[in-house]
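>>> Mind looking at a prediction? Sequence and model below.
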There are 2 protein chains.
Amino acid sequence: MNDTFLKVLRGEKAKTTYTPIWIMRQAGRYLPEYRQVRENVDFLTLCKTPELAARVTMQPVDVLGVDAAILFSDILIPVEAMGMKLEFSEKHGPSLSEPIRSRLLFERLAMPDPEDDLPFVIETVRILKSVLKVPLIGFSGAPFTLATYMIEGGGSRNFLNTKRMMYANQGLFDGLMAKITGTVISYLRAQIRAGADAVQLFDTWAGALSPEDYRVYALPHVKRVIRELAGEGAPLIYFVNGCAGLLKEVKASGAGAIGIDWRVDIGAAVKKLGKKTVVQGNLDPCTLLAPTDEIKRKAWDILEKAQGAKGHIFNLGHGILPEIPVENARALVDIVHEWKGRQQP
Amino acid sequence: MNDTFLKVLRGEKAKTTYTPIWIMRQAGRYLPEYRQVRENVDFLTLCKTPELAARVTMQPVDVLGVDAAILFSDILIPVEAMGMKLEFSEKHGPSLSEPIRSRLLFERLAMPDPEDDLPFVIETVRILKSVLKVPLIGFSGAPFTLATYMIEGGGSRNFLNTKRMMYANQGLFDGLMAKITGTVISYLRAQIRAGADAVQLFDTWAGALSPEDYRVYALPHVKRVIRELAGEGAPLIYFVNGCAGLLKEVKASGAGAIGIDWRVDIGAAVKKLGKKTVVQGNLDPCTLLAPTDEIKRKAWDILEKAQGAKGHIFNLGHGILPEIPVENARALVDIVHEWKGRQQP
């Protein structure tokens, strides 16, 4: 197995010969092979059909040559298992009916048992482990990010309902966060025990919080996830979108590896995160619209700036966009792999 | 005239007795008095009718007791004068037809003469100057932010078309930025000459850029605006939304005052911006949904952390939201005014 990704995650970059790369949303609409599968099946069914989910998980490994696969699923899958009705529309994205804004609705929420309530995820992991030649990343949304979807009922611009609950009904908010956090922990643990080699916690919306609010309302729950999974033997990557103003706090999460978005200089981020943290990121996803020379210049700049970290896993700063030409994604993988050679004459 | 706001902007905070406050979008839908005016007139007509625009500009001065008024208008008003068709819908916000993605459409764009092409703005400023008891802030969108609307044709999630042009057709992008920048300069100069006491440049979408891209594609044009207006005698505030990762670059703009959003600690921002910069901000707009005690605690925390700056103008970190109760906005103004008293026993 290609274990460069895991070596870097474990702080053993000295034992590797190049910087590993994977791409957030690497199994997705920009890939013709993925679109072909989706022609016959809707998004949620795809997530819930282990053979198909495993197939699209493997596509980018074959097509792009990335150094890790990430389980094909959606961060709201465990939320559905908590008892909310989940729907996806091409135009408006995910929606959850009866958003949680009262104690009554909160109390109805279950804490799912992954083996019983999300068996298709566990089965997908098992299938993948038997065939993959690269490490498998399991994942979950981070507690605050999941809470925003559950309280807003979908995506949001200003997170008004979430913040209203934080400020005006902290008891309910804390209760909700505790229930979500428990769910996240058992969900990730089950993925690890089924075979996931590493897990990523996606905090897509933490960047909507002021540093003080992040410290009070989001960070303690992330810390708990990290603490409770520490004994499972799989490294954890904590990705925070919009992290530029939160790096001190994010470092305090205790995560061994931190994924950053592109709106911060990776050199400056490495300085703040310190030499004991593995960093992941952080090319602007739109860069893949540029000519290859410019992609190379920007990617190599990131590779150089990240050298001060304990280790560097190359990634985009957010998910790859459906509009990106596959050949540019493939070129990026080659560009990243090529770089380390350049460093060793 | 209450000139506390101007004194702080000029670096004379020692001559003031409290921290001045105004609120971005302070004339807006959260105010019943504003909604009453809007019952009889659509948004664009309101912007273009000097008597009405002046009236709503004054409303928050009377209702809230803020220390400055900001011209009621929209950042896309000069874009319309450049020759693009502008429409607003309640649901989808602004749209500009025939977005600029080709040299042909770019070449059709005019550089408006504010006195001739935007006479209603100039007239609104003149009316306000004859009646206001607080300083008047004129404003414009910053060049990059205006470019995103012109290239995307409205708001955007990923700024894909903008970035595609930056990376793949830099000649066209630079030409567009030059035309926009010239427009911004003459537009702000005309507002100042008609009587605006200060101006604010809104860079609402600069935070979508990586620090490197900001430095290459946005900053030079902001610098030019600041340089060319330096002799006009009105201080300039440069507001950058999503600035946390850009503070070093934003400081290099040369702006005497910098407005920051709430996703960065104001104490950390002051440290990066240095003692020669006046800082403006930065309460999360959603904080105004909290109980008054919590609003006070958070506002006073900001007031204390901002003391290291050359001066501090209190503001939200972005525009006030339609859902905010007026009494909470009024309470915030009192809370800010009250604070300085606490500091002087």
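Perfect, I can see it now.
>>> how far away is residue A:52 from chain B?
Between residue A:52 and chain B the computed distance is 27 Å (Cβ to the nearest Cβ, to the nearest Å). Just so you know, the C-beta spots here come from the backbone N, C-alpha and C atoms, and that holds for glycine as well.
>>> That residue against residue A:43, yeah?
No: the pair residue A:52 / residue A:43 is not scored as a contact, 11.0 Å apart, by Cβ atoms under 8 Å.
>>> neighbour-wise, which of those two wins?
residue A:52 (18 against 15; other Cβ atoms under 10 Å in any protein chain shown).
>>> Can I take it that that one is in a strand?
No: applying DSSP: H, G, I helix; E, B strand; the rest coil, one finds residue A:52 to be helix, outside a strand.
>>> per-residue confidence at it?
pLDDT recorded at residue A:52 is 98.
>>> any idea how far it lies from residue A:119?
Separation of residue A:52 from residue A:119 (Cβ to Cβ, to the nearest Å): 15 Å.
>>> Most proximal residue of the stretch 1-150 of chain A with respect to chain B?
residue A:93 (10.3 Å; Cβ to the nearest Cβ).
>>> what helix or strand is the spatially most central residue of chain A on?
For chain A, residue A:202 is the residue whose C-alpha lies nearest the centre (Cα atoms, centre = their mean; 3.9 Å). Per DSSP states H and E: residue A:202 is located in strand A:198-203.
>>> and if you look at residue A:88?
With DSSP H and E as criterion, residue A:88 is part of strand A:86-89.
>>> Quick one: list the elements packing against that strand.
helix A:43-48, helix A:77-81, strand A:93-96 (3 or more Cβ pairs under 8 Å, 6 or more residues apart in numbering or on different chains; DSSP states H and E).
>>> So which of these is the most surrounded?
For the helices and strands packed on strand A:86-89, ranked by mean neighbour count under the definition mean count of other Cβ atoms under 10 Å in any protein chain shown, the leader is helix A:77-81 at a mean of 21.
>>> what does it contact?
Residues lying outside helix A:77-81 but in contact with it, judged by Cβ atoms under 8 Å, 6 or more residues apart in numbering or on different chains, are A:47, A:86, A:96, A:110, A:112, A:114, A:117-118, A:121, A:140-141, A:146, A:149-150, A:183-184, A:187.
>>> top helix in chain A by residue count?
Ranked by residue count and defined by DSSP state H, the top helix of chain A is helix A:170-194.
>>> Which positions in that helix come out as buried?
A:172-173, A:176-177, A:179-192, A:194 (16 or more other Cβ atoms under 10 Å in any protein chain shown).
>>> before we move on, back to that, tell me the strands beside the strand holding residue A:88, with direction?
strand A:93-96 (antiparallel) (DSSP bridges).
>>> Skip ahead from the partner strand and say which helix or strand is next.
Taking DSSP H and E, what comes next after strand A:93-96 is helix A:103-108.
>>> quick one: low-confidence parts of chain A?
A:341-345 (pLDDT under 70).
>>> May I ask you to confirm that residue A:122 is in contact with residue A:115?
Yes: shown here, residue A:122 and residue A:115 form a contact pair, counting by Cβ under 8 Å, at 6.0 Å.
>>> which one of the two has more residues nearby?
Per other Cβ under 10 Å, whichever of residue A:122 and residue A:115 has more neighbours is residue A:122, with 20 against 13.
>>> distance between the ends of stretch A:264-284?
As for stretch A:264-284, its first-to-last residue distance stands at 10 Å under the measure Cα to Cα, to the nearest Å.
>>> which of the residues in that stretch are buried?
A:264-270, A:272-273, A:277-284.
>>> for stretch A:10-26, same thing?
A:10-11, A:13, A:16, A:18-26.
>>> same deal with stretch A:145-163?
So, applying 16+ other Cβ under 10 Å, buried residues of stretch A:145-163: A:145-154, A:156, A:159-163.
>>> And the strands in chain A?
Taking DSSP state E, the strands of chain A run over residues A:69-70, A:86-89, A:93-96, A:136-141, A:198-203, A:236-240, A:257-260, A:278-283, A:311-316.
>>> For the third one, which outside residues touch it?
With contact meaning Cβ under 8 Å, 6+ apart, strand A:93-96 is reached by A:74, A:76, A:79, A:84-89, A:149-150, A:153-155.
>>> Recalculate using a threshold of 10 Å.
A:43-44, A:74-76, A:79-80, A:82, A:84-89, A:149-155 (Cβ atoms under 10 Å, 6 or more residues apart in numbering or on different chains).
>>> my guess is residue A:113 meets residue A:121, correct?
No: using Cβ atoms under 10 Å, residue A:113 is not in contact with residue A:121; the gap is 11.9 Å.
>>> list the residues that contact both of these two?
By Cβ under 10 Å, 6+ apart, the residues touching both residue A:113 and residue A:121 are A:81, A:187, A:190.
>>> Which residue, neighbours along the chain excluded, lies closest to the last one?
In this case it means residue A:190. residue A:114 (3.5 Å; Cβ to Cβ, 6 or more residues apart in numbering or on different chains).
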